[in-house]
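Peer 1: sequence first, then the predicted structure, then my questions.
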Amino acid sequence: MSKSNIACKYRLYPTVEQKTMFAKTFGCCRKVYNLMPDDKIAYYREHKKNKIFTPAMYKETYPFLKEADSLALANEQMHLQTAFKNFFQRKDIGYPKYKSKKYDFDSYTTNNVNSNIRIVHRTIRLPKVGEVRAKIHREPADNCILKSVTVSRERDGTYYASVLYEYEDTVKPMAKPITHIGFDYTANGLYMDSNGDSCAMPKFYRDAEARLARKQRKLSKKIKESNNWFKQKRRLAKLARQISNQRKDFLHKRSAEITNRYDLVSAESLNMKAISQHLRLGKSTMDNGYGMFCTMLAYKQKKKGHLFIKIDRYYPSSQLCSCGYQNPITKDLSVRTVTCPKCGKVYDRDVNAAINIDRKGMEMCMS
Ligand SMILES: [Zn+2]
């Protein structure tokens, strides 16, 4: 049986002492992370050999490291190894960067060993820190095993614990779907479905995004690294977090509704065309709702034993008419309604694409 992961992010309300402990651990993690690469390189230059540096080697020189959660330090070593591996294997990734106190937001990851991490009532028990008050808005299912926790201090000064759970997929996927739907990405909104219903992000969300852009402009006018600049940066971070939560909340609800109703969901994979459209609208691909929406649909469908199929971007979803004719004209994105030169049917480009995606998904399931 295969295993899956699920993460829950909880807001933390640490006491003053706990905040100090967090700050110490963030600092220690940054310290070992920044020490290890230099020593690794220096050793290699001198001995022409690789040597693995571990956080424990530094505890004598820097006794304060003993105060920090040792698993958190060990995870820094792992992160650094990954960063080095990527650096050696991929040309597009640079040499591991130092962690800066000013620019990198604080976080550390610790693992659950012998139940040293527990969620009890309204607290999360963490090694070296103790029970931290938390808003446990969501409880994991009984078959979930707590694997690790990432504690973070966001730029606006709030604390979070991102808890990673592992569970076994006990739900068998269904053999034959009965209810099915297809989704096509739309640049101006979120998606168009095969029933002809389109969905965009709600207005309050778009308003908040406009507010964020205004705050961003204000920041760019301030002197970099001045007090006011940092203040504005914190305000910006707070709003960005709120917007990100709103987006997640909306998409969670939408995807849950769909998962409850449909056995099979087929969706157009987010292609380069879509991404470039997104960028043209002045948005980063990071805040692309459609991509997040598909990710949520995929794991929610899987969890229920339902099906999710990603339709390849090379499938000519928007060019096929129901009569089977492939219409090359519809490659032009500005054309919204299309008349089929063969059968004369008039259809909406996006709805037609969604219908074709749905049909293709069904076809793939049946074969
Ligand atoms: Zn036709």
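Peer 2: Everything's here; your move.

Peer 1: and for the nearest residue to residue 316 once chain neighbours are set aside, the neighbour number?
Peer 2: Nearest residue to residue 316 in three dimensions, chain neighbours excluded: residue 326, at 6.0 Å (CB to CB, 6 or more residues apart in numbering). The way it works is simple: take the backbone N, C-alpha and C, and place the C-beta from them, glycine included. Using other CB atoms under 10 Å, residue 326 is surrounded by 10 other residues.

Peer 1: same check, this time on residue 61
Peer 2: Neighbours of residue 61 (other CB under 10 Å): 8.

Peer 1: what do you get for residue 182?
Peer 2: Counted by other CB under 10 Å, the residues lying close to residue 182 total 29.

Peer 1: helix or strand for it, which one?
Peer 2: Using DSSP states H and E, residue 182 sits in strand 180-185.

Peer 1: so where does the residue lying closest to residue 270 once chain neighbours are set aside fall, helix or strand?
Peer 2: Ranked by CB to CB, 6+ apart and with sequence neighbours excluded, the top spatial neighbour of residue 270 is residue 291, at 5.1 Å. For residue 291, the host element (DSSP H and E) is helix 289-304.

Peer 1: next, the angle from that helix to strand 180-185.
Peer 2: Taking axes from the mean of the first three to the mean of the last three CA atoms, to 10 degrees, helix 289-304 and strand 180-185 form an angle of 160 degrees between their directions.

Peer 1: how about helix 289-304: buried residues?
Peer 2: 289, 290, 291, 292, 293, 294, 296, 297, 298, 300, 301, 302 (16 or more other CB atoms under 10 Å).

Peer 1: which residues touch the helix or strand just after it?
Peer 2: Toward the C-terminus, helix 289-304 is succeeded by strand 307-311 as the next helix or strand (DSSP H and E). With contacts defined as CB atoms under 8 Å, 6 or more residues apart in numbering, strand 307-311 is touched by 173-174, 177, 182, 263-269, 294, 297-298, 301-302, 317, 357, 360-361, 364-365.

Peer 1: how about the residues of the stretch 251-367 of the chain near the ion?
Peer 2: Contact residues, the stretch 251-367 of the chain versus the ion (CB under 5 Å from the ion): 321, 323, 325, 340, 342, 343, 345.

Peer 1: now the fifth one. Nearest residue, chain neighbours left out?
Peer 2: To tie it back to what came earlier, the one meant is residue 342. In space, and not counting its chain neighbours, residue 342 is closest to residue 325: 4.0 Å by CB to CB, 6+ apart.

Peer 1: likewise for the last one?
Peer 2: Distance criterion CB to CB, 6+ apart; nearest residue to residue 345, sequence neighbours excluded, is residue 321 at 6.2 Å.
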